[in-house]
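1. predicted model follows, preceded by the sequence.
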There are 2 protein chains.
Amino acid sequence: LMHLFALEAYLKTSGKLPVNVRFLIEGEEETGSEHLGEFVRRYKDRLKADVMVLTDTANLDLGLPSLTYRLRGLVDAIVEVRTLDHPVHSGMWGGPTLDALSALNKILARLTTADGKIAIPDFYEGIQPVVGLEKERLRALPFEEKKFLKEVGAVESLQLAGERDFSVYERIWCRPACAILGIDAPQVAKTSNQIVEWARAKVSIRIVSGMDPEKSRQRLCDFLKQDPPCGAQVTVKPGTAGRPWKVDPVGPAYEAAARALKKGFGRDAVFIGCGGSIPFVEPLTHEFGGIPALLIGLEDPFCNAHGENESLYLPDWQKGMESAVWLFSERIV
Amino acid sequence: LMHLFALEAYLKTSGKLPVNVRFLIEGEEETGSEHLGEFVRRYKDRLKADVMVLTDTANLDLGLPSLTYRLRGLVDAIVEVRTLDHPVHSGMWGGPTLDALSALNKILARLTTADGKIAIPDFYEGIQPVVGLEKERLRALPFEEKKFLKEVGAVESLQLAGERDFSVYERIWCRPACAILGIDAPQVAKTSNQIVEWARAKVSIRIVSGMDPEKSRQRLCDFLKQDPPCGAQVTVKPGTAGRPWKVDPVGPAYEAAARALKKGFGRDAVFIGCGGSIPFVEPLTHEFGGIPALLIGLEDPFCNAHGENESLYLPDWQKGMESAVWLFSERIV
């Protein structure tokens, strides 16, 4: 919408556009963009562009224009543990007989260390440390711990998790993060005094630029299978291996975007990361010969993206349209 | 039935019983014997006895008469963990934000040590070590690891769990054992990339003679609540606190039972424990002034007790009836 109204403004005033604009409207992103690759390859000639502008990202705060230059990837796996062929009485057998939930629990507990690191060997291989200008930029970004905890809906007593020697922005954008997403087990209300014979969990790890998705997924799977407690039967089903993305936001396109955002919002744009994934960014820029991708979206911390009652902050929408007008006026190439 | 047919044999031959016999048939045991205490108190005079014979227990093996002299107790609790007030996107928040399933996982993983012990402070308080004659008796009992693993339905790779410095019989009868019975969490098939805000588990620990049930339950609850990962909100709901039971199987009643079993089965009876609980044994013997309790049942390792297709091994049934005849002929008091 931001871009459409910017174009409308051009057509209503000067009657023509300063650049050629091609729209690609994608409705499949939340379910994995299954058909996008085929579509882009088929209509490659009609989609050809010098710069790609993408508005699926967020501003760091209300009124603060933000250009996203890195996204995390994702690997996941389902781990299944079996110790027995049927549940047995916990009195008659408990002690020498390991229940599957305790075995699964031990396996999952090994994934992370007490100091917030992922314990899988070599898992951090390839990650370039955040240094120099990037480090400075991240350090300069506004951050309030209380505000962060409130926005995520944390219980009052909750403290920040993850690697203490990295800032919170680094932990979300530049460092892997592990979560247990689900567990299949007997429901608490339906338990009897039975040793559970079988259990299953889904583990997901966000990965970052420099890490190889296939290797990372393999390392996760190998680690889950390794050294099963008391020789329990462990099977692992590999899941997603989604690529992270990162550019060095320099060159004419990024400079033009920063100028346009500054004119539209009346303040300097910041360069930020995003902890989530937009899987098609990398393949799409690649398909068109490595063109720059400008990820400038208007989501704000209160927009409730992907949730109920999504919102759009109207003053920022206005500023976004103005920025888009300025961006089109830039002669990037 | 064993006792009924033994009594019938007396009535058909000599026409009268050598002792007075009172039957108490209890149909509520598997659901906690809620009304038994009240029943026994009300009809105390009519139930008065010098010895109590109970046939809810097992023989160690086919044809091997066994007298059970110790039962384990049970404590359990439900632990609930909350980190957030709603689930959030694992990309946008993962790293500094702890998911409830990982927090629960860490709490549960602390319950036991790598060498099979329960890690709750002072949990083993009060347990008398198995020594002397009891140790000798346990050591003399037949045990085959392969047979045990087959009977419990273990997967091929499974090794015995629990405390390695105790025999398997000691681990089941004389040592506490911890199991995770159930977990409430999102189902694996229904997960999305969400950080889970809430999770719950039921933990059960078998306790043994010498341990105080209320204290043990309190220790379990305190431990689950202690030092929550990243300050997660942890609530614990105490459950059962079931008393263990143990006698020293000496004196006229136990000697008489051993003699009767030997005559019926044609071989020496063994003295065994049971890892499960029969909660009314202790209150019932107590109600009648601490009378001896003879726990001599005919369950065998293949009887599938509490399962489908329960069976009774007919040769042992025959031997049990003969033993009962001999037992009634003993003048215990």
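-> The structure has been received and is ready for your questions.

2. A:Gly246 and A:Ile272: what is the separation?
-> Not Gly; residue A:246 is Lys. Using C-beta to C-beta, to the nearest Å, A:Lys246 is found at 12 Å from A:Ile272. Quick note: C-beta positions are derived from backbone N, CA and C, even for glycine.

3. looking at the two, which has the bigger crowd around it?
-> Set A:Lys246 next to A:Ile272 and count neighbours by other C-beta atoms under 10 Å in any protein chain shown: A:Ile272 wins out with 23 against 18.

4. pLDDT score assigned to the more buried one?
-> With respect to pLDDT, A:Ile272 scores 97.

5. so which residues of the stretch 201-333 of chain A form helices?
-> A:213-225, A:252-265, A:281-287, A:314-329 (DSSP state H, counting those that start in this stretch).

6. ditto for the stretch 1-150 of chain A
-> Applying DSSP H, counting those that start in this stretch to the stretch 1-150 of chain A gives helices spanning A:2-13, A:36-42, A:44-47, A:90-93, A:100-109, A:132-140, A:145-152.

7. run a quick neighbour tally on the residue nearest to A:Ala6 when sequence neighbours are not counted.
-> Counting by C-beta to C-beta, 6 or more residues apart in numbering or on different chains, A:Ala6 lies nearest to A:Ala324, which is 3.5 Å off, once chain neighbours are set aside. Per other C-beta under 10 Å, the neighbour tally for A:Ala324 reads 25.

8. close to chain B, is the helix or strand of chain A with the lowest mean pLDDT?
-> One helix or strand of chain A scores below all others by mean pLDDT, DSSP states H and E: helix A:281-287, with a mean of 86. No. Helix A:281-287 stays clear of chain B (C-beta under 8 Å from any C-beta of the partner chain), getting no nearer than 13.4 Å.

9. can you pull the buried residues of that helix?
-> The neighbour-count check on helix A:281-287 (16 or more other C-beta atoms under 10 Å in any protein chain shown) flags A:281-282, A:284-285, A:287 as buried.

10. residues making contact with that helix?
-> Helix A:281-287 is touched from outside by A:36-37, A:40-41, A:44, A:52, A:54, A:71, A:243, A:245, A:291-293, A:295, with contacts defined as C-beta atoms under 8 Å, 6 or more residues apart in numbering or on different chains.

11. looking at the stretch 151-300 of chain A, which residue is nearest chain B?
-> A:Gly276 (2.7 Å; C-beta to the nearest C-beta).

12. ok, A:Leu160 - contacts?
-> Each residue near A:Leu160 by C-beta under 8 Å, 6+ apart is listed here: A:145, A:148-149, A:168, B:96-97, B:230.

13. so what's it scoring on pLDDT?
-> For A:Leu160, the pLDDT comes out at 97.

14. got the phi and psi for it?
-> When quoted as degrees, to the nearest 10, the phi and psi of A:Leu160 stand at phi -70, psi 140.

15. measure the nearest residue to A:Ala119 once chain neighbours are set aside to chain B for me?
-> Spatial nearest neighbour of A:Ala119, chain neighbours left out: A:Thr113 (5.1 Å); criterion: C-beta to C-beta, 6+ apart. For A:Thr113, the distance to chain B (C-beta to the nearest C-beta, to the nearest Å) stands at 11 Å.

16. does A:Thr113 touch A:Ile120 like I think?
-> No. Applying C-beta atoms under 8 Å, one finds A:Thr113 not in contact with A:Ile120, separated by 10.4 Å.

17. name the residue in those two with the higher neighbour count.
-> Each of A:Thr113 and A:Ile120 has its neighbours counted (other C-beta under 10 Å); A:Ile120 has more, 21 against 10.

18. report the contact partners of that one.
-> A:111, A:219-220, A:223.

19. please repeat the previous calculation with a cut-off of 10 Å.
-> A:Ile120 is in contact with A:110-112, A:176, A:178, A:205, A:216, A:219-224, A:226, counting by C-beta atoms under 10 Å, 6 or more residues apart in numbering or on different chains.

20. type out the PyMOL command that picks the buried ones from those.
-> To isolate the buried members of the contacts of A:Ile120 in PyMOL, using 16+ other C-beta under 10 Å:
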select buried, chain A and resi 110+111+112+176+178+205+216+219+220+221+223+224
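
21. pLDDT for the contacts of A:Ile120 - can I get that in CSV?
-> Formatted as CSV, these follow (pLDDT from 0 to 100):
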residue, pLDDT
A:Arg110, 98
A:Leu111, 98
A:Thr112, 97
A:Pro176, 98
A:Cys178, 98
A:Ile205, 98
A:Ser216, 98
A:Arg219, 98
A:Leu220, 98
A:Cys221, 98
A:Asp222, 98
A:Phe223, 98
A:Leu224, 98
A:Gln226, 97
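
22. check the contacts of A:Ile120 and tell me the two furthest apart.
-> A:Pro176 and A:Gln226 (18.4 Å; C-beta to C-beta).
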